[in-house]
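S.K.: pasting the structure only:
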């Protein structure tokens, strides 16, 4: 690459997100190209930061993307390919392999997308995971149901968050669900259901070293919110608590095992009744549900911005983490009956961000005192349920 040629970054976003990543790439002097969906043509993209847009039709195939990007590469030299959403990780990895561009390839990408692959890799390297079995060989599935007491969860290997997950309470209930899947059974796994508090760890990794970690705890588990409605909540965990220290160590161990060289991660663990942490899943992306805004409110670190800086630095550059604050933050989000909810009555000085999204309501609070954050969030959950909350059926697959 000529020293005079600006770095060229090809971003893939099949969902509307990553605007600050695009802005930071442009601030770093890059040429920025965005591949997104045709129905997102008029979305709120930072158009001043994107040199060219390219649009994908609904139902596109990976081979179509590879051919299209290869055609673009005849007249444009891409230095980075970056997926801005979980569903784009495998597409980006395949493009890197095909075009021989530095970054995560197909094998490592599977550990950050495929819920079965990440579990097998973690378990084989001594990371504690719930008991699980691939929904493939019926004899092995039968052995699992006889050995591991229900309830279990039937999970798609390739979806994100709680999408498509079903809680199953007996073998009689499980087998019809598997039969209904037909030839898609192999794209699922069956896992022991472990009740407990769910935590998420959001990290920045550069050259295999974890430079930044934010440990947070969900309120109601996301699966319960997705399937039963209610209010999504997460907040920073006190940094010197035993839980935070244990999760910092586990997160570092996990990502050394999975082999991420550079980027950001969003990882979930559950604390069982036995007091131990079990690995649930990880992703090489920024967490959704305004987790990036929550982390920034507590620490001053914008995960999207730092991810862009790491990508630009690449394998031959140098990345340096910005100064980190040690405040606390938390967010509550709910579907709303009103098209544009009025939250002006929520006027505590700790409110630093209000979600602006049709039929949604969300409030982000920040304070130097973790107890104050938790007090406000608990109060807001009750008030949101009364003032705004609405529910919809759980999604079987992700929608934009």
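M.R.: Nice, thanks for sending it over. Note that the structure is a prediction, hence the values are computed from the model and not measured.

S.K.: any low-confidence regions in the stretch 1-150 of the chain?
M.R.: By pLDDT under 70, the low-scoring segments of the stretch 1-150 of the chain are 1-4.

S.K.: can you show me the helices along it?
M.R.: Secondary structure of the stretch 1-150 of the chain, counting by DSSP state H, counting those that start in this stretch: helices at 19-27, 62-72, 89-99, 106-111, 115-124, 138-147.

S.K.: to residue 294, which of the ones you listed lies closest?
M.R.: helix 19-27 (14.3 Å; C-beta to C-beta). Glycine gets a C-beta too; all of them are placed from N, C-alpha and C.

S.K.: pull the residues that contact that closest one.
M.R.: Under the contact criterion C-beta atoms under 8 Å, 6 or more residues apart in numbering, helix 19-27 has outside partners 9, 11, 32, 34, 44-46, 48-50, 82, 84, 292, 302, 304-305, 307-309, 311-312.

S.K.: swap in stretch 52-65?
M.R.: Taking C-beta under 8 Å, 6+ apart as the rule, stretch 52-65 contacts 12, 14, 33-41, 45, 68, 72, 90-91, 94-95.

S.K.: can you say which of those residues are buried?
M.R.: Buried subset of those (neighbour count, 16 or more other C-beta atoms under 10 Å): 12, 14, 33-37, 40, 45, 90-91, 94-95.

S.K.: let me know the closest of the residues you listed to residue 259.
M.R.: Nearest member of these to residue 259, counting by C-beta to C-beta, is residue 90, at 15.7 Å.

S.K.: next, the contact list for that closest one, please.
M.R.: Residue 90 makes contacts with 62, 106, 109, 110, 113, as judged by C-beta under 8 Å, 6+ apart.

S.K.: if we can go back for a sec, make a PyMOL selection of whichever of the contacts of helix 19-27 turn out to be buried.
M.R.: Selecting the buried subset of these in PyMOL, with 16+ other C-beta under 10 Å as the burial test, is done by:
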select buried, resi 9+11+32+34+45+49+50+82+84+292+302+304+305+307+308+309+311+312
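
S.K.: among the contacts of helix 19-27, which are located in strands?
M.R.: 9, 11, 32, 34, 82 (DSSP state E).

S.K.: ok, the fourth one to residue 9 distance?
M.R.: In this case it means residue 34. Using C-beta to C-beta, to the nearest Å, residue 34 is found at 9 Å from residue 9.

S.K.: cool, and the third one?
M.R.: For residue 32, the distance to residue 9 under the criterion C-beta to C-beta works out to 5 Å.

S.K.: how about residue 258?
M.R.: Here residue 258 is placed at a distance of 24 Å from residue 9 (C-beta to C-beta).

S.K.: same thing with residue 88?
M.R.: Separation of residue 88 from residue 9 (C-beta to C-beta) stands at 14 Å.

S.K.: can you list residues touching both of the two?
M.R.: Residues touching both residue 88 and residue 9 (C-beta under 8 Å, 6+ apart): there are none.

S.K.: identify the residue nearest the geometric centre of the chain.
M.R.: Residue closest to the average C-alpha location in the chain (C-alpha atoms, centre = their mean): residue 287, at 3.7 Å.

S.K.: residue 113 and residue 155, how far apart?
M.R.: Taking C-beta to C-beta, one finds residue 113 at 13 Å from residue 155.

S.K.: so how far is residue 110 from residue 137?
M.R.: Separation of residue 137 from residue 110 (C-beta to C-beta): 20 Å.

S.K.: which one's more surrounded, those two?
M.R.: Legend: neighbour count by other C-beta atoms under 10 Å for residue 137 and residue 110, higher for residue 110 (20 against 12).

S.K.: hang on, residue 380 packs against residue 346?
M.R.: Yes. Using C-beta atoms under 8 Å, residue 380 is in contact with residue 346, at 6.8 Å.

S.K.: need the residues touching each of the two.
M.R.: residue 363.

S.K.: of those two, who's got more company?
M.R.: residue 380 (25 against 18).

S.K.: so what pLDDT did the more buried one get?
M.R.: You'll see residue 380 listed with a pLDDT of 96.

S.K.: nearest residue to it other than its sequence neighbours?
M.R.: residue 332 (4.8 Å; C-beta to C-beta, 6 or more residues apart in numbering).

S.K.: C-terminal to the strand or helix carrying that neighbour, what's the next element?
M.R.: Take DSSP states H and E as the rule and residue 332 turns out to sit in strand 328-335. Counting by DSSP H and E, the next helix or strand C-terminal to strand 328-335 is strand 351-354.
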